[in-house]
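Asks: Fold the stuff below for me.
(2 chains)
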Amino acid sequence: MIVTDPPASGPRTAFAPNWLARLGWIALAVYVVYAGSQLGFSAARFSTGLEHGHRFLARMFPPNFGRWELIYDGILESLQIAVIATFFGILISLPVGLLAARNLMPAWVSWPMRGIIALCRSFHPIIVAILFVKAIGFGALAGVMALIVASIGFISKLFAEAIEEISLKQVEAVRATGAGFFSILIMGVQPQVLPRFIGFATYQLDSNLRNSTMVGIVGGGGIGAALFTAYQRFDFDVVLAILIVIVSLIMVAEIVSGWARRVFQ
Amino acid sequence: MQAQVSSLASAASQSDDSRALVLRGLRKEYRAGQPVLRGIDLVLPGSGLTAIIGPSGTGKSTLIRCINRLVPPTSGEILFRGQDLAKLSGRSLRSARRRIGMVFQEYNLVERLTVMENLLCGRLGYVSAWRAWLRKFPAQDIARAFDLLDAVGLPGFATRRADALSGGQRQRVGIARAIMQEPDIILADEPTSSLDPKTSVEIMEILNRFATERNIPVIVNIHNVELAKRFASRIVGMTGGLVVYDGPPQGLSEADLKTIYGGENWME
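Replies: Numbers count the residues shown, from 1 in each chain, chains lettered A, B, ... in the order given. Next up is the predicted model:
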């Protein structure tokens, strides 16, 4: 009906150049080169490093499973730490994530919750583990607590984001039937987010498994203590044995979480 | 203005229809000073299908959503079954919504739930969240859901997931969900706009059938003037947030359509 004429002057451009983005990329490249030069990387340093690495690797073979009882106890404790921390971490993250979702909650609820999540995320699990070891003493409990904090920081944020991405049309339809808030959550929100929640939860279990092998280094229980001791005693063949066990554990976890995701598709 | 309101009120009382829906001076401003609805006065009878026509962006959806308060009106009254819906909140609003069925343009089924679960969503106003979670719905609700699936032509679809259905099938589920509420009125927001012409007619037929069987009013926003004329017993034409035509479909002239949609090139 009404045809608007194209602007008369100049050739037509199909794709507008984004100068700000180009500038950003150039700035990033310049900074990487600058930072590299500041940290004193050099070819000579690199080749001596390779030599050290070669000797270190040579001393690892063959792996020594002679102390398998120690390894077994440690890995079992790590597994327990990871599972317990994931369970309680997710249990706490469900309400925290919901309260932090800006599409379902008023700003005065979601912003403080986002603050708590940011606080949980701001420190590496190892630093949190050190705090808990100091506060409640050596052992698995400190490791569990540290990983619960880490899980809350990570999972609640992902939960909140998953909830913020749901289709509000489906929620609107459930609300229009006169359903109360919790009924809306159960029939309108939960079906939309459940598969992603399962994905995040299995990912967190995976992540907690890896971190649970590490909290032991600072006294938080698990295989980490044995690993650290073996390093310090230069028993590199035992180190390799422990590393192989950890790698297999992570692989098994990967397979199991793949199954879980498929079930809740 | 005052005279108009009182005449509307008397019109409602004259028709002596306690089931009528009366809108008085309904205004909605999403942003202050920019009204989408500029004072709607309507008396819709307690039965029959009313079609609301008008160009996109003229406030038809907003009007329908104001009635069940998915959109809060800025001012005005919405009188239905002895209540001013505009004044309700919390529990009383939810219990009013239980008796207002709604059908959506994009069906708005919960995609990852089965057809049966979607239908039972229509009973959530009566079933506790806990029982809904455990799927412990009353047996008569489930029996009724099966009956309704037969009635909308989807027997054997109960355990299919909503995201496996075609558009027409989804809209049938959407209508069945609204009927599950045992509504006193059905609001349908562009129920046929995402469907092909044949399916559109089928969907309008189903809506019309339920309205007649249950003797409840249906208010339908619709773009297709032909469909509106064919099924509606009453047509409301809106433009620019105001009602510019309100009468029987036979009375809708080309001049009226020109007022509603503007221009005339589109009317071949």
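Asks: so is residue B:30 in a helix, a strand, or just coil?
Replies: Under the three-state scheme (DSSP: H, G, I helix; E, B strand; the rest coil), the conformation of residue B:30 reads as strand.
Asks: That one contacts residue B:57, correct?
Replies: No. In this structure, residue B:30 sits apart from residue B:57 without contact. The criterion is Cβ atoms under 8 Å, and the distance is 11.8 Å. The C-beta positions use only the backbone N, C-alpha and C, and glycine is treated the same way.
Asks: all helices of the stretch 151-268 of chain B, in order?
Replies: Per DSSP state H, counting those that start in this stretch, the stretch 151-268 of chain B has helices spanning B:167-180, B:197-214, B:225-231, B:254-261. These are given in chain order.
Asks: ok, residues contacting the helix or strand where residue A:57 lies?
Replies: Counting by DSSP states H and E, the element that carries residue A:57 is helix A:43-60. Residues outside helix A:43-60 that contact it (Cβ atoms under 8 Å, 6 or more residues apart in numbering or on different chains) are A:234, A:236, A:237, A:239, A:240.
Asks: If any of these are buried, put those into a PyMOL selection.
Replies: Command for PyMOL, covering only those of the contacts of helix A:43-60 found buried under the criterion 16 or more other Cβ atoms under 10 Å in any protein chain shown:
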select buried, chain A and resi 236+237+239+240
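Asks: Just put the contacts of helix A:43-60 in TSV and tack on secondary structure and distance to residue A:163.
Replies: Supplementary listing: the contacts of helix A:43-60 in TSV, determined by DSSP: H, G, I helix; E, B strand; the rest coil; distance: Cβ to Cβ, whole Å:
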residue	secondary structure	distance to residue A:163
A:234	coil	50
A:236	helix	47
A:237	helix	49
A:239	helix	43
A:240	helix	44
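Asks: Of the contacts of helix A:43-60, which ones also sit close to chain B?
Replies: Of the entries in the contacts of helix A:43-60, not a single one is placed beside chain B under the rule of Cβ under 8 Å from any Cβ of the partner chain.
Asks: Restrict stretch A:84-93 to CA atoms and write it as CSV.
Replies: Included here for stretch A:84-93 are C-alpha records, laid out as CSV according to Å, rounded to 0.1, in the frame of the first residue of the first chain:
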residue,chain,number,x,y,z
ILE,A,84,26.6,-35.9,49.6
ALA,A,85,27.7,-32.4,48.6
THR,A,86,25.8,-32.7,45.3
PHE,A,87,22.7,-33.9,46.9
PHE,A,88,22.5,-31.1,49.5
GLY,A,89,23.9,-28.6,47.1
ILE,A,90,21.0,-29.2,44.7
LEU,A,91,18.5,-29.4,47.5
ILE,A,92,19.4,-25.9,48.6
SER,A,93,19.9,-24.6,45.0
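Asks: for the helices of the stretch 151-268 of chain B, which one ends up most surrounded?
Replies: Using mean count of other Cβ atoms under 10 Å in any protein chain shown, the stretch among the helices of the stretch 151-268 of chain B with the greatest mean number of neighbours is helix B:167-180 (a mean of 24).
Asks: quick one: that one to helix B:197-214, angle?
Replies: Taking axes from the mean of the first three to the mean of the last three Cα atoms, to 10 degrees, helix B:167-180 and helix B:197-214 form an angle of 10 degrees between their directions.
Asks: Kindly tell me how buried residue A:130 is, as a neighbour count.
Replies: Residue A:130 is flanked by 19 other residues according to other Cβ atoms under 10 Å in any protein chain shown.
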